[in-house]
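A.B. asks: Give me a 3D structure for the following:
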Amino acid sequence: MKSTEASNAYVVRTLMGLESLVCEELNEHGATDVEPGRRSARFSATDEVLYRYLQCTRLAVRVLRPIFSFQAKGPDDLHAKALKVDWGQWVDPKRSMALDVTVNSEHFPHDQFAMFRLKDALSDHFQASSRARSVHHLNINRTAPEQLIHLHIAGDEVTLSLDLVGKDALFKRGYRAPKARAPLNEVLTAGLLGLAGWKPGETLVDPMCGSGTFAVEAGLWTAGVPIHAGRRNWTLFGMPGFQAQLWREVGEVAREERIARAPILASDWNKHPVGDARESVRRSGLEHLVRVEVADFLDLRPPRGVEPGLVVLNPPYGQRVHADDLENLYGGIGGALKHRWSGWRAALLFPKDLEAQHRIGLKPSAKHTVMNGPLACTWAVYELFKGKRIDHLTGDVEGAETAASDPASSASVNPVGEEQEEGATVRFRRPRIQQQGEEN
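C.D. replies: Below you'll find the predicted structure:
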């Protein structure tokens with residue numbers, strides 16, 4: 001496989017809380033000079049490394065190539081300096097384009113004004129260029145541009161970058177069931193699995209699956225497929241220097257299936273999201289790895305004959321659930337995890353200010369703050385064990401076994417919602433919930 005040996009600088013954009021995982025992912029694919037930023041990371045890569053990363057990344061939202069940087073103290077200064085840039089080296093004025101603008105500066109009262117002045121500079125530059133006198137106006141296409149230019153202004157520092165992806169961000173994998181309601185962002189879901197320490201080859205159970213994003217992202221990771229290799233409309237493909245043959249060769253190598261098999265089980269008490277989840281699994285070609293069924297988590301028991309792994313839950317947040325029922329639900333979740341899933345790990349996603357979270361009654365071993373859309377959420381990871389937490393931490397197996405034989409000693413959880421306990425049988429009330437799973 002032949003590639004240009006020289007490395008170029010790039011920026012990957014991701015979601016808050018996933019920066020460290022993105023850096024790990026970049027290093028795994030051979031990137032160099034990796035530096036984390038705020039919802040981003042900088043890196044250098046050869047064409048081969050870049051193409052492999054673009055085809056395989058699970059955690060990137062966008063990948064940009066910075067091309068020009070300068071200082072500007074206002075819209076007119078931006079226009080004057082952008083006019084002097086050699087745009088013909090990077091941009092074809094005959095192809096459609098769009099501008100994406102991010103401004104955090106007292107010198108620019110409105111980001112739209114900055115965008116218009118940059119567009120004016122581009123238009124003036126190409127109309128004055130001897131190579132493009134036939135261009136009378138730029139073809140601005142905000143829906144499906146062939147070129148996407150990013151303008152970033154922080155104070156008086158201006159950075160102009162080319163988007164390698166285009167209008168559709170990388171979280172749009174293409175497997176989503178058409179009518180799925182309020183699903184989790186795919187990049188966020190992949191990041192949550194990574195933050196919980198899940199790896200291919202470990203059992204995954206998602207008992208409030210909604211449209212099945214956790215199960216599908218785990219399935220794609222397990223299969224080792226390059227999830228973006230089939231893209232056909234990226235702006236990268238029309239950029240100067242794009243190596244189509246190298247892109248195909250990288251994709252062929254990345255498509256070699258590498259499956260670390262382990263059960264991936266998804267379920268929901270509501271048959272409608274289960275239908276969406278099954279459709280997403282089918283569209284992603286993962287029927288051989290992912291099983292989806294109708295089941296109520298409060299009645300569910302761990303699958304038999306498998307090694308304990310990770311249970312992921314994204315319960316309702318309260319928009320369509322009465323407060324008392326929400327308290328009962330979270331108490332029931334905590335009780336079920338404690339009494340039935342010992343030996344497993346569990347990870348729950350809930351809003352940081354959710355009152356009902358204390359009813360889980362379990363102490364997390366790790367907590368991460370992430371953004372689920374505009375909502376600040378906690379991703380809490382729990383180590384599930386029998387008996388008292390102190391016995392678990394000190395390795396007192398005998399004490400833990402003694403506590404497990406005495407239901408009254410299991411004091412590390414407050415199983416609100418528990419109706420009765422008869423030996424190993426624990427039943428919980430089903431709260432009145434209109435929808436469950438990812439639809440919050």
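A.B. asks: residue ranges of the helices in this protein, please?
C.D. replies: Listed in chain order, the helices of the chain (DSSP state H) span 19-28, 47-56, 75-83, 111-128, 186-195, 213-223, 244-254, 271-283, 323-340, 389-394, 397-404.
A.B. asks: Got the domain ranges for this protein?
C.D. replies: 8-163, 186-228+235-428 (automatic domain parsing).
A.B. asks: So which residue is smack in the middle of this structure?
C.D. replies: Val187 (1.6 Å; C-alpha atoms, centre = their mean).
A.B. asks: Just to check, it is in contact with Glu25?
C.D. replies: No: the pair Val187 and Glu25 does not pass the contact test of C-beta atoms under 8 Å, sitting 11.2 Å apart. Placement of C-beta: from N, CA and C, glycine included.
A.B. asks: which neighbours do those two share?
C.D. replies: Taking C-beta atoms under 8 Å, 6 or more residues apart in numbering as the criterion, Val187 and Glu25 both touch Arg58, Leu59, Ala60.
A.B. asks: For these, which entry has the maximal number of neighbours?
C.D. replies: The most neighbours of any of the shared contacts of Val187 and Glu25, using other C-beta atoms under 10 Å, belong to Ala60, which has 26 neighbours.
A.B. asks: and that residue, what is it in contact with?
C.D. replies: Val12, Arg13, Thr14, Val22, Glu25, Tyr53, Leu54, Leu170, Val187.
A.B. asks: Ok, Leu192 next?
C.D. replies: Phe214, Val312, Ala347, Leu349, Val370, Trp379.
A.B. asks: what's the closest of the residues you listed to Val292?
C.D. replies: Phe214 (11.2 Å; C-beta to C-beta).
A.B. asks: Quick check: that closest one touching Met208?
C.D. replies: No: in terms of C-beta under 8 Å, Phe214 does not count as a neighbour of Met208; the distance is 9.4 Å.
A.B. asks: list residues touching both of those two?
C.D. replies: In contact with both Phe214 and Met208: Asn314, using C-beta under 8 Å, 6+ apart.
A.B. asks: contacting residues around stretch 13-20?
C.D. replies: In contact with stretch 13-20 (C-beta under 8 Å, 6+ apart) are residues 22, 36-41, 59-64, 185, 187-188, 191, 194-195, 368-371, 379.
A.B. asks: returning to that earlier point: spatially, what comes nearest to the residue nearest to the centre of the chain if we skip its sequence neighbours?
C.D. replies: Closest residue to Val187 apart from its sequence neighbours, by C-beta to C-beta, 6 or more residues apart in numbering: Phe171 at 4.2 Å.
A.B. asks: Give me the local confidence score for the one you found.
C.D. replies: Phe171 is assigned 92 on the pLDDT scale.
A.B. asks: picking up where we left off before, will you turn the helices of the chain into TSV that also has distance to Leu162 and mean pLDDT?
C.D. replies: Listed next are those as TSV, based on distance: least, C-beta to C-beta, whole Å; pLDDT from 0 to 100:
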stretch	distance to Leu162	mean pLDDT
helix 19-28	19	97
helix 47-56	13	96
helix 75-83	14	94
helix 111-128	13	90
helix 186-195	21	98
helix 213-223	27	94
helix 244-254	17	91
helix 271-283	31	93
helix 323-340	46	90
helix 389-394	52	52
helix 397-404	57	46
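A.B. asks: mind checking which of these is nearest Ala262?
C.D. replies: It's helix 213-223; of the helices of the chain, that one is closest to Ala262 (C-beta to C-beta) at 7.2 Å.
A.B. asks: Report all helices and strands that that closest one contacts.
C.D. replies: helix 186-195, strand 204-206, strand 264-268, helix 271-283, strand 290-294 (3 or more C-beta pairs under 8 Å, 6 or more residues apart in numbering; DSSP states H and E).
A.B. asks: Quick one: the ones you listed as a markdown table, columns for distance to Gln71 too.
C.D. replies: Shown next, in a markdown table, are the helices and strands packed on helix 213-223 (distance: least, C-beta to C-beta, whole Å):
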| stretch | distance to Gln71 |
| --- | --- |
| helix 186-195 | 33 |
| strand 204-206 | 49 |
| strand 264-268 | 51 |
| helix 271-283 | 47 |
| strand 290-294 | 51 |
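A.B. asks: wait, which of the ones you listed is closest to Leu326?
C.D. replies: Judging the helices and strands packed on helix 213-223 by C-beta to C-beta, what sits closest to Leu326 is strand 264-268, at 17.3 Å.
A.B. asks: Identify the residues contacting the closest one?
C.D. replies: Against strand 264-268 from outside (C-beta under 8 Å, 6+ apart): 203-210, 212, 214-215, 218-219, 222, 274, 277, 281, 289-295, 297, 300, 303, 436-437.
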